[in-house]
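> Kindly generate the corresponding structure for this input.
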Amino acid sequence: MDADVVVVGSGVSGVLVARALLRAGRHVTMVERGGRKSHARQLADGAHATGAPGAQPSHEVAPGSPDYPWATVFGVGGATLHWDGVALRFVESDLRMRSRYGVMRDWPIAYDELLPHVEEAERLLGVAGAPGGDLPPHPYSPVDEAIRPLLAPFRPLGQARPTRRVGDRPPCCGSAVCELCPVDSRFTVLNTFGDVLEHPRLRLLTDVAAERVLLDPARRRARGVRCVRAGGEGFDVAAPAVVLAASGFENPAILLRSGLDRPGTGQFLFDHAHRTLRVRVRRPIGAGIGSSQSTGLSDAFRDGPFRARRGAGVVSAYNPGVPLPGLVTDALLRGRRGGRLRREVLDERDRTIVLDVLLEDVPRAERRVTLSPGKDAMGLPRPRVAYPGPGRYEQAGWRWIRDEVERRLAPLGVVAVRADPGPAGGHLLGTCHMGDGGVVDADLRHHDVEGLHVTGGSAFPTYTPAHPTLTVAALALRLGAHLARS
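Model prediction:
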């Protein structure tokens with residue numbers, strides 16, 4: 001055997017599983033489709049990924065499906081290279097939607113069972129504002145202070161942008177350029193788990209794609225991974241255990257290329273729908289000030305019996321406010337110049353609250369990943385993505401939240417409310433969901449193949465309105481502990 005375990009993917013899931021295995025004395029081979037690029041080089045290039053073939057987006061849009069701005073990065077560090085750092089806990093109801101509200105599915109894991117791993121993930125990722133954590137929260141911004149009594153319950157935003165030094169990571173600089181942090185404060189695999197990547201029992205293969213899982217003749221047990229380099233050179237990595245810790249596109253694509261197509265494989269894809277509300281009010285509220293891009297969170301629409309009928313949402317203020325270039329352009333088009341232009345632009349920004357709203361939806365089988373006859377840069381069939389627009393459950397939640405925000409903020413003197421699409425494409429969830437009728441069981445083991453596990457957001461049975469990374473990390477810690485004991 002070449003290793004005790006092959007881990008596909010070097011994002012937070014893959015690295016946390018590998019970390020547990022290495023601590024248990026195992027030999028691990030990690031397969032990463034992209035390359036390794038230092039933070040300094042990312043800043044110099046203004047890009048997260050290398051220019052190698054494997055680092056390019058691999059998916060295509062299914063015929064007849066609307067296009068969607070999926071944001072994928074292949075490279076050592078995975079999605080931690082470009083995430084914005086928000087790290088929220090799920091609530092207990094999120095794992096019991098069927099039992100409590102009669103919709104969606106229950107998770108096969110109890111909340112209390114997952115919670116210790118969530119707490120460990122908060123510590124490892126350096127989450128500021130975690131309940132009972134060591135890092136104090138970011139202070140509320142002036143906008144937070146204005147809206148929090150009106151959008152209560154309101155609390156500090158949990159975020160892996162630390163308020164003081166954590167290891168080699170300095171405190172958050174407050175630049176609000178979080179997806180490519182200028183000071184390398186926001187958590188990434190590269191700035192936190194270099195010891196894992198350099199471990200003598202870890203073999204890290206970069207610019208190498210996982211084609212399929214190798215199976216025994218009965219197709220009941222994993223035997224390793226068939227890999228391919230750009231140009232078509234193929235080779236096998238033999239191991240008695242395989243962990244797929246790639247994305248919500250790549251995990252199902254690898255299973256499908258392996259002939260493992262049990263029901264649910266590739267189905268129920270989800271990305272959180274972001275919406276932005278611009279609420280113009282009569283008095284200045286201090287937009288453009290804050291120690292991070294967002295510092296507070298409203299739980300006013302987070303949970304309750306309403307979820308039987310409509311989706312929940314989380315709401316946070318975007319501290320930088322309305323982007324100035326757009327305001328300047330609008331003022332120029334109105335004929336403003338000189339001092340009047342400056343006064344109007346700054347007044348508009350200072351009286352406009354920008355809210356980011358994250359929404360949930362029910363799992364939908366027609367949102368799915370299949371295999372294309374077309375090939376990607378590594379010569380493999382591309383993941384073909386079908387992603388129809390939002391359903392009635394999500395839309396009902398959005399209408400309710402939009403109307404309630406306007407009503408609740410009325411004491412500030414609401415003049416106008418504008419709704420826009422927000423950033424999207426970063427959360428690839430649900431395509432290998434756990435559960436008795438899913439792709440993997442409660443321990444993330446594939447139902448049909450011994451020695452094969454699938455982790456990451458693709459294992460989520462439901463999605464919740466909360467950002468997924470903290471729970472992704474918790475599932476990986478739980479799986480790593482399970483495999484280390486095996």
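
> contacts and neighbour counts: CA atoms only from here.
Noted.

> Please name the nearest non-neighbouring residue to the residue nearest the centre of the chain.
The chain has residue 427 as the residue nearest its centroid, 4.2 Å off, counting by Cα atoms, centre = their mean. Once flanking residues are discounted, residue 427 sits nearest to residue 271: 4.8 Å by Cα to Cα, 6 or more residues apart in numbering.

> The one you found against residue 430, yeah?
No. Contact criterion Cα atoms under 8 Å: residue 271 and residue 430 do not qualify, at 9.1 Å.

> These two - which one has more neighbours?
Per other Cα atoms under 10 Å, whichever of residue 271 and residue 430 has more neighbours is residue 430, with 30 against 19.

> any idea whether the closest residue in space to the more buried one that isn't next to it in sequence is helix, strand or coil?
Spatial nearest neighbour of residue 430, excluding adjacent residues (Cα to Cα, 6+ apart): residue 458 at 4.3 Å. Classification of residue 458 by DSSP: H, G, I helix; E, B strand; the rest coil places it in helix.

> my guess is residue 458 contacts residue 427, does it?
No. Between residue 458 and residue 427 there is no contact under Cα under 8 Å: 9.4 Å.

> Contacts only, for the residue nearest to residue 427.
424, 425, 426, 427, 428, 429 (Cα atoms under 8 Å, 6 or more residues apart in numbering).

> Same question for residue 165.
residue 171.

> For it, give its distance to residue 173.
Counting by Cα to Cα, to the nearest Å, the gap from residue 165 to residue 173 is 11 Å.

> Now the one helix or strand residue 237 maps to: buried residues?
Residue 237 is part of strand 234-238, with elements assigned from DSSP states H and E. Neighbour-count burial for strand 234-238, counted by 16 or more other Cα atoms under 10 Å, picks out 236, 237, 238.

> got JSON lines for these, with distance to residue 469 and pLDDT too?
Shown next, in JSON lines, are these (distance: Cα to Cα, whole Å; pLDDT from 0 to 100):
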{"residue": "236", "distance to residue 469": "31", "pLDDT": "98"}
{"residue": "237", "distance to residue 469": "29", "pLDDT": "98"}
{"residue": "238", "distance to residue 469": "30", "pLDDT": "98"}
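
> out of those residues, who's nearest residue 285?
residue 237 (58.1 Å; Cα to Cα).

> OK, contacts around the closest one?
Residue 237 touches 1, 2, 3, 6, 29, 224, 225, 226, 227, counting by Cα under 8 Å, 6+ apart.

> try 10 Å this time
Listed by Cα atoms under 10 Å, 6 or more residues apart in numbering, the contact set of residue 237 reads 1-3, 5-6, 29-31, 210, 213-214, 223-227.

> and if you look at residue 65?
367, 385, 386, 387, 388, 389.

> Just flag the most distant two among the residues you listed.
Top of the distance list for the contacts of residue 65 (Cα to Cα): 385 and 389, 12.7 Å.
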